[in-house]
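Student: Structure, please.
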Amino acid sequence: MVTVEFASSLRRHVDCAPQSVAAASLRAVLEAALQAAPALAPYVFDDQRCVRKHVAVFINQSLVQDRQHLDQLLQDGDQLLVIQALTGG
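Tutor: Prediction:
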């Protein structure tokens, strides 16, 4: 199983407890985790179903660079963290 957690910056919009979902592609894991809180999906994905520009996804503390394809395979025991990336000056 893969553990998926949405940071508090996203959970303030829609509450979603950490999820344990079957290991699969990154896209499949995200989609499965968002089934628990479908209203959170628009905060994570844009209208092309790519990860939004101001959202960062980490697999085992490594930033995912490709926001479009999301085809990286996750393994049992992996941890996925989805945060709202903050910008400003």
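Student: Tell me which helix or strand comes right after the helix or strand of the chain with the lowest mean pLDDT.
Tutor: Every helix and strand of the chain was ranked by mean pLDDT, DSSP states H and E. The lowest is helix 8-11, at a mean of 84. For helix 8-11, the following helix or strand on the C-terminal side (DSSP states H and E) is strand 19-21.
Student: Relative to that next one, what are the paired strands and their orientations?
Tutor: With DSSP bridges as the test, strand 19-21 is paired with strand 2-6 (antiparallel).
Student: Could you pull out the buried residues of the partner strand?
Tutor: Counting neighbours by 16 or more other Cβ atoms under 10 Å, one finds that the buried residues in strand 2-6 are V2, V4, E5, F6. C-beta: built from backbone N, CA, C; applies to glycine.
Student: Distance from that strand to the middle of the chain?
Tutor: Strand 2-6 sits 7 Å away from the centroid of its parent chain (Cα atoms, centre = their mean, to the nearest Å).
Student: got it, and stretch 27-39?
Tutor: Offset of stretch 27-39 from its chain centre (Cα atoms, centre = their mean): 8 Å.
Student: what sits up against that stretch?
Tutor: With Cβ atoms under 8 Å, 6 or more residues apart in numbering as the test, stretch 27-39 has contacts from 2, 4, 6, 13-17, 19, 21-24, 40-41, 44, 57, 69-71, 74, 80, 82.
Student: Could you turn the buried ones of those into a PyMOL selection?
Tutor: Buried subset of the contacts of stretch 27-39, written as a PyMOL selection, criterion 16+ other Cβ under 10 Å:
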select buried, resi 2+4+6+14+16+19+21+40+44+57+70+74+80+82
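Student: quick check, L80 in a helix?
Tutor: No: per DSSP: H, G, I helix; E, B strand; the rest coil, L80 lies outside any helix segment and is strand.
Student: just checking, what's the longest helix in the protein?
Tutor: In the chain, taking DSSP state H as the definition, the longest helix is helix 26-34.
Student: and the angle for that helix with strand 2-6?
Tutor: 60 degrees (axes from the mean of the first three to the mean of the last three Cα atoms, to 10 degrees).
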